[in-house]
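Peer 1: prediction below, plus the sequence it came from.
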Amino acid sequence: RGGGEVRVTAHAGEVTSLLPLPGGNQLLSAGRDGRVRLWDLHTGKNSLVNYGGTRSTGQKGSTMACSQDGRHFYYPSGSVLKVYETQSGGQVSTLKGHFASISCCVSNPNTQEVYSGSSDRQILVWDPPGAGSYGEYPCQRQNETRDGGNAVANLDVDTWSDDES
């Protein structure tokens, strides 16, 4: 930092995702080696937090997202979205709802919702932490049905495409 270039070997394979955390002092990185690392941006050092279960199952990189306060981050792992405590490395939850590999996720700072996209061609919206428990609902909310507490998406409804093409 401070205008100089710092080089650090971050992973034993390709770096596939980077996520700066709120406050600007830390950075999460994910790599083809299946590891997620937390970096101190002032020192350039790995904080040595162990995030268990972050093995990547895809061949392409995928994005991570974090909560507005940076306390939690969301890591796509196959067809599930894993939620971790950023500083301790503890896994908080596994969010299930996609039928194929998740390729991206993003957090909305205005609503604190998390959106995930998958090769199943679905975009799912996840309730923010603290809203009871994590809940998933498809973007077509009025067609939401519940099955034993799990959301069931109406896969025949496409509310994101432009019908005027």
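Peer 2: Yes, it's here.

Peer 1: for residue 89, grab the count of nearby residues.
Peer 2: Residues lying near residue 89 (other C-beta atoms under 10 Å) number 16. In short, each C-beta sits where N, CA and C put it, glycine included.

Peer 1: what's the neighbour count on residue 123?
Peer 2: 16.

Peer 1: return the distance of it relative to residue 77.
Peer 2: 18 Å (C-beta to C-beta, to the nearest Å).

Peer 1: do the same with residue 110
Peer 2: Applying C-beta to C-beta, the value for residue 110 to residue 77 is 26 Å.

Peer 1: the two: who's more crowded?
Peer 2: Taking neighbours as other C-beta under 10 Å, residue 110 and residue 77 compare with residue 77 leading, 18 against 7.

Peer 1: which residues of this structure fall in helices?
Peer 2: Taking DSSP state H, the chain contains no helices at all.

Peer 1: can you pull the poorly scored residue ranges out of it?
Peer 2: Scanning the chain for pLDDT under 70 picks out 1-6, 55-61, 128-165.

Peer 1: strands of that one, start to end?
Peer 2: 15-20, 26-31, 36-40, 45-46, 65-66, 72-77, 80-85, 91-96, 102-107, 114-118, 123-126, 136-138, 145-147, 150-152 (DSSP state E).
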